[in-house]
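1. Next one to model:
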Amino acid sequence: MTLATHLNGNHDLATLKRGFTEPVFGAQQVFRHLLDAMSLPGRVHELAAVDSGVQAPSVTFGLAMTLSLLTLLDAESPLHLGAELDSKAAQAYFRFHCGAKLAEPQQAQFSAFKAMQLDAQQWQALPLGSDEQPQLGGTLLLEIKGLDEQAALAGASLLTLRGPGIATQQTLAVQGLPTEFWRWRQALATDFPRGIDLLLCCGTRLAAIPRSTLITLEG
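-> Numbers count the residues shown, from 1 in each chain. Purely as a prediction, here's the structure:
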């Protein structure tokens, strides 16, 4: 099989967008941000300065989501791309740079969606793991409209977060996800250690909500 065939369709090396300029160093930088985000739920992290050479696979991907997927994916981590994110260009990009294999949500370790295109059928299909193997629960990456640690975003869901990594409580305002999603995520708390980890991406910024975090939806 030639490389062009492996990339599938019309996307070859001439059209493929760039990944990390220095893959090991770039991935290490992003991984530190992701560890900090998971350790400090609800805190917003800025990734704009990580690697200026990285190009998103298409205009539908923000930089934070692109960097996160480049860092997290490998040949052993199935990926599901939802709706607008699922293009030949994106498939070729993550296949080439990460060796990622595409999967349906039920089998995907990582799932990526534009938040406005996520519906109940899709989020309820995500793998939650089991009590014996909670690590099989998936990670959901969402490109959202707005993200802030304050209550300053019009029309945003205002979340109060509690749990490991949070001294007392952490406030996070999130635009672009329906209330029903947060009600579903709240209900998952009773299933812990089963559940999903959330990476909320907004352009060059991201925040994490691990499955261990308790959520109160304000207002």
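
2. Take stretch 160-170, keep the C-alpha atoms, and write them as CSV.
-> Listed next in CSV are the C-alpha coordinates belonging to stretch 160-170 (Å, rounded to 0.1, in the frame of the first residue of the first chain):
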residue,chain,number,x,y,z
THR,A,160,-20.4,24.9,40.0
LEU,A,161,-17.8,22.2,40.3
ARG,A,162,-16.7,20.3,43.4
GLY,A,163,-14.5,17.3,44.0
PRO,A,164,-10.9,16.2,43.7
GLY,A,165,-8.5,19.0,42.6
ILE,A,166,-10.9,21.8,43.8
ALA,A,167,-10.4,23.4,47.2
THR,A,168,-14.0,24.4,47.8
GLN,A,169,-15.7,25.0,44.5
GLN,A,170,-15.0,26.2,40.9
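
3. Could I get the average pLDDT for that stretch?
-> Per-residue pLDDT values across stretch 160-170 average out to 96.

4. Quantify the burial of residue 184 by counting its neighbouring residues.
-> 14 (other CB atoms under 10 Å). All C-beta atoms are positioned from the backbone trio N, CA, C, and that covers glycine.

5. Excluding chain neighbours, give the residue nearest to it in space.
-> Leaving aside its sequence neighbours, residue 184 sits nearest to residue 123 (CB to CB, 6 or more residues apart in numbering; 6.3 Å).

6. is it true that that neighbour touches residue 117?
-> No. Contact criterion CB atoms under 8 Å: residue 123 and residue 117 do not qualify, at 11.3 Å.

7. Report the central residue of this protein.
-> residue 141 (1.9 Å; CA atoms, centre = their mean).

8. Look at that one and give its secondary structure.
-> Residue 141 falls in the strand class when you classify it by DSSP: H, G, I helix; E, B strand; the rest coil.

9. So for it, what's the pLDDT?
-> Per-residue confidence (pLDDT) for residue 141: 98.

10. The helix ranked longest in the chain: which residues count as buried?
-> For the chain, the helix with the greatest residue count under DSSP state H is helix 23-39. By neighbour count with 16 or more other CB atoms under 10 Å, helix 23-39 contains the buried residues 26-27, 29-30, 33-34, 37-38.

11. Show residues contacting it.
-> With CB atoms under 8 Å, 6 or more residues apart in numbering as the contact definition, helix 23-39 has outside contacts at 20, 43, 45, 47, 50-51, 54, 67-68, 70-72, 165, 197, 199, 206-208, 210.
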